[in-house]
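> Need coordinates for the following:
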Amino acid sequence: MAAVFANAVAFTVTSAMLPALLPQPGLKILVPIAFCAVGVILAGAALRASLRRKRFGPTSFDFASLPFSPGRSLRGTIQLRFNTEARHGIDLRLSCVREVITGSGDQRSTNRMILWEVEKNVPQESLTRGPMGDAQIPVDFGIPSDAYETNHDQPSDQVLWLLHAQADVPGVNYSDDFEVPVFRLTPSPGSASEPTTAFSNETESETAPPAFQSDASDVAAPPKPKVRVTTAMDGSTHFYFPACRNPVQILILILFTALWTGIVYFLAHSHAPWFFAPVFGFFDLFLIYGLVQATLVSFAIEVGNGRMVLRRSVLGTGAPREVPFSGIARILAVTSIQQGTPASYSIRLQTRDGKNLTLADSITNRQEARWVTAQLEKLASLKLDTHVAVEAGLAGYGSPPQRGEAPSAALRRSSPVAMAVGIAFFLGWIGFMGYGFFSLRHGHPHRVSNVTPAARSLQPVNYSALTDTDVRRLQALPEQTQAEELLDRAIQHDPRALDLFEQRIGVWLGDIKLTEHMKQLEWRSRFSTDLRVRYANADLNLAMDGWPRNENSADLLISRAQTDPEHRAYDVYYMGMLAGRGVAYNRIYPVLVNYARNDADPQVRLWAVEGMRFLGTDEALEQLFDSFTHDASDAVRDRAGCNLSDCGIFKRTQRMRMAPRLIDLAADAQTNPQMRNWAFLALQEITDESLPANASSWQEWYRQHGADKIAEFEKLDWWRVRGDQ
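Here you go, the predicted structure:
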């Protein structure tokens, strides 16, 4: 269910985001893809678990007798369907674990500390098989007499005894986990001592039984140790822990660090609140530091001739440290708290003057950590102690809870301020992601053209008039560079550059990309004071999306708009560009009018209105005025008013002829305040006059100066319009 839910969310969001992200340069596209990858991994895990259950059936652990008490044995059988070969037998592991839950809500985290653990292998011949392919795996472990009991009294601080079984078999491997109860018949306060923390200065109890607080037994070498052990010419023994010795963990860390870094990049190049990128970047530094530690750090230990030489190296460089045998108090294998990660072990040395030194860390095999500890203790003539101590990472939590004992000190919890900050941060993040999702889903249906300028404008280049030398130089440049320079020159009113851009735009069809520089040029050309540059803007958008200016493009867009509602908003927008450039105008205009008036989706009506701004005809202006005054959507009316007054490809004399109708609209008592304000704004942009927002003032101005203003506009070059540059 978790996999289905995660994939439904991930692929829904990704399908909405990808169309907008695909044409854009950069790594933003990796963010939704990474979320899909997480969903695929979850689905793979769910499938694997389903196959395992189908193969081995519903398993169970049958107790031989109860209770399982400290100082006695834990015996029983695991019942399962096991009709395959297990050449290496069944691996069993019994662990005593303290599970602490901190925080609350979204800040909740589960931490596990292994207090004690023992492993054994059950040979294949020891399995008892039944006639129907079922089998029984015998389980027999001794429990130390000073062990902690199972305790669930405090949900946030529990002691668990876990039995794990696994076997490497052909196909899906067998793996099972059981929680088993370990308890005394009557509670015995103080019967279980706190497990020895690493390098505690307290003297060890003489009566402490082996295995839980100390273990004098030797440990066999693991089958495939990652440590390299060699003997030098002087008789000393060398232990070398190489870098990159845990490739699976490193790969996971690399992938997670790459994903997190991608999120930081996305936040830094998006409209997220400014503090998101620094906060996520701060945590990214810890991931990068951990990656460096895992891939570049190695440990070397030289033991012999009455001394131990330690070296921690980064890329093979590091200063050695020498400790004489007489200065060593103890050597221990150590583990610590883990948050949902496999257990990791370290080997620590405590000197007689109380200093603690790390001999090696990031050891993933418990047996290997204990074996190396035993070898070091033998070589240094120390008392053999191969138990794994619990590092004092949970010292602030006190001893684990037990029956008959007073509750330990209260767990450390997040402060109200920290909780408030965490909740606010989480809600802010969810809000931003929701905004981004819905803005992408319901925003611009086209792929490239309607993009706001970049937050950091590129430094504009002031060009001189285009010369023959410039033309020859441009011909040797990539097409993208040619297009950007020619359009930039055209925006700066270089007629030769504009003509050359128009000649080349058909050749560049589909090869021009929306780089950051091209985004700004597209925006500037859209609001040029030269209608010829605005025409070039339409040609640019058609070329970037791969639409040639011919009848076939018109046929494809009209046909797809009729049959595919998902692309209809995009199609009507590009129909307007084609018709405005003289392609199938008589066929396209009625289609745009129909969608602008009658389509049930306001997004389609909006983009039909946006497409009409490229037409440049009086009848298109009439339809824009109709949408401005009659459409049910505020967004559609807003865009129609902008296209009526300032945007698009209309001459100033054409717009001026709409002034009387806008004045009448403002003077109508039935007009609502918003429409009246929009009408006054349109009048100011059409006439370049700054009059009070009063209908009578505009009526008087038009009576006196309207004809003169029309005559003024008629004297202008046909292509000269109101614009930014």
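> now E610, what's its secondary structure?
helix (DSSP: H, G, I helix; E, B strand; the rest coil).
> Quick one: residues contacting it.
450, 573, 576, 639, 643 (C-beta atoms under 8 Å, 6 or more residues apart in numbering). (C-beta placed from N, C-alpha, C; glycine too.)
> Where does L665 sit, in terms of helix or strand?
Applying DSSP states H and E as the criterion places L665 in helix 659-667.
> Return the distance of whichever helix or strand comes after that helix from the chain's centre.
With elements assigned by DSSP H and E, the helix or strand that comes after helix 659-667 is helix 673-687. With C-alpha atoms, centre = their mean, to the nearest Å as the basis, helix 673-687 stands 45 Å off its chain's centre.
> repeat for stretch 483-498
41 Å.
> how far away is A596 from L624?
9 Å (C-beta to C-beta, to the nearest Å).
> Okay, helices next: where are they in the stretch 401-550 of the chain?
416-442, 468-475, 479-491, 495-504, 516-526, 531-544 (DSSP state H, counting those that start in this stretch).
> Which neighbouring elements make contact with the third one?
What it means is helix 479-491. helix 468-475, helix 495-504, helix 516-526, helix 531-544 (3 or more C-beta pairs under 8 Å, 6 or more residues apart in numbering; DSSP states H and E).
> Pull out the buried positions in the first one.
Buried positions in helix 468-475, judged by neighbour count with 16 or more other C-beta atoms under 10 Å: 470, 474.
> quick one: contacts of that helix?
Contacts for helix 468-475 (C-beta under 8 Å, 6+ apart): 481-482, 485-486, 500.
> Make CSV from the residues you listed and add pLDDT and neighbour count to it.
Listed next are those as CSV, based on pLDDT from 0 to 100; neighbours: other C-beta atoms under 10 Å:
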residue, pLDDT, neighbour count
T481, 91, 13
Q482, 90, 21
E485, 90, 21
L486, 91, 28
L500, 92, 19
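> circling back: nearest to F61 among the helices and strands packed on helix 479-491 would be which one?
helix 516-526 (62.1 Å; C-beta to C-beta).
> can you pull the buried residues of that closest one?
517-526.
> Just the closest of the contacts of E610 to G262, please.
Out of the contacts of E610, the member with the shortest distance to G262 (by C-beta to C-beta) is N450, at 26.1 Å.
> Okay, now the unreliable bits of this structure?
18-31, 67, 103-108, 130-133, 186-213, 270-272, 336-342, 391-399, 403-460 (pLDDT under 70).
> Going toward the C-terminus from the helix or strand T373 falls within, what's the next helix or strand?
Secondary structure assignment for T373, by DSSP H and E: helix 366-379. Reading on from helix 366-379 to the C-terminus, the next helix or strand found by DSSP H and E is strand 388-390.
> Which neighbouring elements make contact with that following strand?
strand 109-122, strand 328-335, helix 366-379.
> How far does that strand sit from its chain's centre?
36 Å.
> For K120, which non-adjacent residue is closest in space?
Nearest non-adjacent residue to K120, counting by C-beta to C-beta, 6 or more residues apart in numbering: L92, 5.4 Å away.
> you'd agree that neighbour is in a strand?
Yes. Under three-state DSSP, L92 falls within a strand.
> how near is it to S65?
The value you get for L92 to S65, if C-beta to C-beta is used, is 18 Å.
> Neighbour count for these two, which is higher?
L92 (22 against 10; other C-beta atoms under 10 Å).
> what's the more buried one in contact with, if anything?
119-122, 137, 139, 141, 163-165.
> Okay, helices next: where are they in the stretch 551-700 of the chain?
Going by DSSP H, counting those that start in this stretch, the stretch 551-700 of the chain shows helices at 551-563, 565-580, 585-598, 602-612, 618-630, 634-645, 652-656, 659-667, 673-687, 695-715.
> Dump these into TSV; add distance to V4 as well.
Shown next, in TSV, are the helices of the stretch 551-700 of the chain (distance: least, C-beta to C-beta, whole Å):
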stretch	distance to V4
helix 551-563	31
helix 565-580	24
helix 585-598	38
helix 602-612	30
helix 618-630	43
helix 634-645	36
helix 652-656	55
helix 659-667	54
helix 673-687	45
helix 695-715	60
